[in-house]
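Q: Structure for this input, please:
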Amino acid sequence: MKYPHIAQRIFNTPLLLSQSKLEVIASVINDKIQGADLSNFTHEERLNAGYEAIKGVGIINVFGSLVHRADLIDAMSGMTSYEFLGDALDMALQDDEVKEIALVISSPGGEVSGAFDLADKIYSSRDIKKITAIVSDAALSAGYLLASAANEVVVTKTGYTGSIGVVMAHVDQSKFDEKVGVKYEFIFAGDHKIDGNSHEPLKDSVKAGFQSEINELYEMFVSTVARNRNISEQQVRDTQAKVYLGKSGLSVGLADRISTEGKELSRLFDLNSGAGSRRLSTTTRGTTMSDKDMQTDSEPNKLDIAAVTDAKSKGIQEGKEEGIKAENERIKSILSLAEAEGREALAKTLAFKKGMTAEDAKDILAASPLASSSFEAVMGSIKNPNVGNDSDSLEVTADSIVKRILNS
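A: Okay, here's the model as predicted:
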């Protein structure tokens, strides 16, 4: 059977899915895993999936704050979702042009939800294709959780690793409420329904419950990193969420080698270009590289690094252009609905509401009364009801608003 990692997600595993939907999925997937070719992807398909294939290396960027899911605006704001990274990994594993995978990481961490699932996926995938984590700036907290799941962790001299810990913040603004003369009173059912609300001091029992949750997640974090790095849990726990600079991370077992992003990618390109017959061996955990070894590394191939930089820039630009185009189409489709006639003001509000689909907008507009007053009619005819600087144009197009949102 081809692609067993796909089959195991569909067959012989519990699913929250209707029988009819399962039959449709199974009929499509079955043909593919029994021999159909899933590996011929175009450059555009790879970029849309979230990775690049250069000289046999699948490059997946893990940048910015990490969240479970992210929409277009969040992505443009420097967030990366675990869901997006997982999809990129799945496709890179299927791609016959990809012999090894490089996770280029520069992240301070992020949400708990989705992090451990992706770390487990990376860990289980590293036996299919070797995965190297390249810490170009920082792999901290959830960022390090993902890095640790790779076969090998490479860090730059000024790169940071660690911060293996869990944190939760609580804001008590009850004194502020009292100062401004506001009192919140909750009507609720269920003793713990309003636990941790910001309008009253945190109760000891609630704080203890939060601490218990934090402790459980911390133990999960420790055990997962210990498994990924093949070191003891006590060794991980001894870091006490400390952040390590460069080679200091090697001494505690959080990284394997010191290098640079350019050098490491060039080395992978050299090893995997062509037929990809030569493969990297797994480095023993905790081994270090001496200054002499670092000096004898071959210099990065300038052409390769330039190719990576150009591909990254092209991918980002193409992603922005596609996002703007898709957002324009969504807005225009709402504004052009037949149901928008006589309800122009509401149609504009719905059109510029992030995530609103034309289908949903159609239902809302159809259920809304037509503009009845002269004021509503006038407001509906104004193309830009927002008040701005005197120099602003009185007419704002969907294109200009989308571009302004994405470039802000």
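Q: for this protein, which strand is longest?
A: Looking across the chain with DSSP state E, the single longest strand is strand 131-140.
Q: mind listing what it pairs with, with the direction of each?
A: Strand pairing for strand 131-140, determined by DSSP bridges: strand 100-107 (parallel), strand 152-155 (parallel), strand 160-162 (parallel).
Q: right, so those strands: which one is the most enclosed?
A: Of the strands paired with strand 131-140, the one with the most neighbours on average (mean count of other Cβ atoms under 10 Å) is strand 152-155, at a mean of 27. Using the backbone N, CA and C atoms, a C-beta is placed for each residue, glycine as well.
Q: What lies in contact with that strand?
A: When contacts are defined by Cβ atoms under 8 Å, 6 or more residues apart in numbering, strand 152-155 is touched by residues 130-135, 139, 147, 161, 229, 246-247, 249-250, 254-259, 264, 280, 282-283.
Q: Quick check on those: which are buried?
A: With burial judged by 16 or more other Cβ atoms under 10 Å, the buried subset of these is 130-135, 139, 147, 161, 229, 246-247, 249-250, 254-259, 264.
Q: Switch the strands paired with strand 131-140 over to TSV; also include mean pLDDT.
A: As requested, the strands paired with strand 131-140 are exported to TSV (pLDDT from 0 to 100):
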stretch	mean pLDDT
strand 100-107	94
strand 152-155	96
strand 160-162	95
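Q: Figure out which of those strands is closest to Ala241.
A: Set against Ala241 and scored by Cβ to Cβ, the strands paired with strand 131-140 come closest in strand 160-162, at 7.2 Å.
Q: And the next helix or strand past the closest one?
A: As assigned by DSSP states H and E, the chain's next helix or strand after strand 160-162 is helix 174-180.
Q: what's downstream of that following helix, the next helix or strand?
A: For helix 174-180, the succeeding helix or strand toward the C-terminus, using DSSP H and E, is helix 204-229.
Q: Which positions in that following helix come out as buried?
A: 206, 217-218, 221-222, 224-229.
Q: nearest to Met168, of these?
A: Here the nearest of the buried residues of helix 204-229 to Met168, counting by Cβ to Cβ, is Leu217; it sits at 9.2 Å.
Q: which intervals of this structure have sub-threshold pLDDT?
A: Scanning the chain for pLDDT under 70 picks out the ranges 1-40, 70-78, 274-321, 323, 354, 371-408.
Q: Quickly list the domain ranges of it.
A: Domain segmentation of the chain under automatic domain parsing yields 39-164+241-300, 165-238, 316-407.
Q: so how far does stretch 90-99 reach from one end to the other?
A: This stretch, stretch 90-99, spans 14 Å end to end (Cα to Cα, to the nearest Å).
Q: for the strands paired with strand 131-140, which one sits closest to Ala347?
A: In this view, those are compared for proximity to Ala347 by Cβ to Cβ, and strand 100-107 is the closest at 39.5 Å.
Q: circling back to that earlier point, can I get the longest strand of the chain as PDB, trimmed to CA atoms?
A: What follows is strand 131-140, C-alpha atoms only, in PDB (Å, rounded to 0.1, in the frame of the first residue of the first chain):
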ATOM      1  CA  ILE A 131      13.500  16.300   9.200                       C
ATOM      2  CA  THR A 132      16.000  18.900  10.300                       C
ATOM      3  CA  ALA A 133      15.000  21.800  12.400                       C
ATOM      4  CA  ILE A 134      17.000  25.000  11.700                       C
ATOM      5  CA  VAL A 135      16.700  27.500  14.500                       C
ATOM      6  CA  SER A 136      17.500  30.700  12.600                       C
ATOM      7  CA  ASP A 137      16.500  33.100  15.300                       C
ATOM      8  CA  ALA A 138      14.500  31.500  18.100                       C
ATOM      9  CA  ALA A 139      12.600  28.300  18.800                       C
ATOM     10  CA  LEU A 140      11.000  28.900  22.200                       C
END
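Q: what are the phi and psi angles of the residue lying closest to Ser136 once chain neighbours are set aside?
A: Spatial nearest neighbour of Ser136, excluding adjacent residues (Cβ to Cβ, 6 or more residues apart in numbering): Glu261 at 4.3 Å. In terms of degrees, to the nearest 10, the main-chain angles of Glu261 are phi -60, psi -50.
Q: List the contacts of Glu261.
A: 104, 134, 136, 156.
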